[in-house]
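> okay, here's the prediction I keep looking at, along with the sequence it came from:
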Amino acid sequence: MTTVLITGANRGLGLEFARQYRANGADVIACCRAPAKADLLNALAVKVLELDVTDSASINTLAAALKGTPIDILIASAGIWGPERQGADDCDFDRILEVLTVNSVGPWRVARALKANLVAGYDKKLVVITSKMGSISDSSGGSIAYRASKAALNMIMHAVAKEWARDGLKVGIFHPGWVQTDMGGPQAPLDAEASINGLCARIAELSTRTSGRFIDYAGKEIGW
């Protein structure tokens, strides 16, 4: 049975990942900051564990609880949009640092803490949910904190893919599309089910050839 660990699993894309993988028979470890309040997640009958990707103690506690447990696929889905004020001339710098901590450094910290679990797994796949808004070559500007956090995540994971290839690990850097979630809003053209269905297909076909590349849910490569 495939074991999948998902961060940020209490809502949005993370919740839909948990739902689809569970429906397909995977053993799902779903992580979020407040498991007791994650009613929709608990209703899926998956293993729910506490995790705050910004807190070293929380990450270490999770790693200790999972010591010796092989993880086939680790999906770093936790992320935030950040403050409304993200313009070049009007920004909340304290909140911007929070966005970078959650979106850019958080997935790296969790992956590093659970690397031994991934190495012990069969699929050996690390997946991060990034955004086309992190593309520098295709940017309309605005939303600087969010864009910068995803560009940083892309660079981090591109480097991780190269370094961890020697351990047999493959890294998926995936854009989910503009999705109807709390972050994406109801005006988004894509629903979560369609996005995650596409992403699950991309994860299934992730290989040493596609590791470290910037790809959307439909399989289209995106410019850095």
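Nice, I can see it.

> show the end-to-end separation of stretch 40-60, please.
26 Å (Cα to Cα, to the nearest Å).

> residues making contact with it?
Applying Cβ atoms under 8 Å, 6 or more residues apart in numbering, the external contacts of stretch 40-60 come out as 7-11, 15, 18-19, 22, 27-35, 38, 61-62, 65, 76, 78, 98, 101-102, 106-107, 109-110, 113. C-beta: built from backbone N, CA, C; applies to glycine.

> among those residues, name the buried ones.
Buried members of those, counted by 16 or more other Cβ atoms under 10 Å: 7-11, 15, 18-19, 22, 27-33, 35, 38, 61-62, 76, 78, 98, 101-102, 106-107, 109-110, 113.

> which ones among the contacts of stretch 40-60 are found in helices?
Applying DSSP state H to the contacts of stretch 40-60, the entries found in helices are 15, 18-19, 22, 61-62, 65, 98, 106-107, 109-110, 113.

> which pair in those residues has the greatest spatial separation?
Pairwise distances among the ones in helices among the contacts of stretch 40-60 were taken by Cβ to Cβ; the largest, 30.7 Å, belongs to Arg22 and Glu98.

> so which of the ones in helices among the contacts of stretch 40-60 is the closest to Ala151?
Pro107 (13.6 Å).

> hey, what's the nearest residue to that closest one once chain neighbours are set aside bridged with?
Once flanking residues are discounted, Pro107 sits nearest to Ala76: 3.6 Å by Cβ to Cβ, 6 or more residues apart in numbering. Taking DSSP bridges, one obtains Thr7, Val128 as the residues bridged to Ala76.

> list the contacts of Ala76.
Thr7, Gly8, Val53, Gly106, Pro107, Val110, Ala111, Leu126, Val127, Val128, Ile129.

> if I look at it, how far off is Asp92?
25 Å (Cβ to Cβ, to the nearest Å).

> then Met1?
45 Å.

> compare these two (neighbour count), which wins?
Asp92 (15 against 8; other Cβ atoms under 10 Å).

> surely the more buried one touches Ile144?
No: counting by Cβ atoms under 8 Å, Ile144 is not a contact partner of Asp92; they are 11.1 Å apart.

> mutual contacts of those two, please.
In contact with both Asp92 and Ile144: Gln86, using Cβ under 8 Å, 6+ apart.

> following element in sequence after the top helix by length along the chain, please.
The longest helix of the chain (DSSP H) is helix 144-164. Of the helices and strands lying after helix 144-164 in sequence (DSSP states H and E), the nearest is strand 170-175.

> which other helices and strands contact that next one?
On a contact count with 3 or more Cβ pairs under 8 Å, 6 or more residues apart in numbering; DSSP states H and E, strand 170-175 meets strand 125-129, helix 144-164, helix 192-204, strand 214-216.

> all good on my end, thank you.
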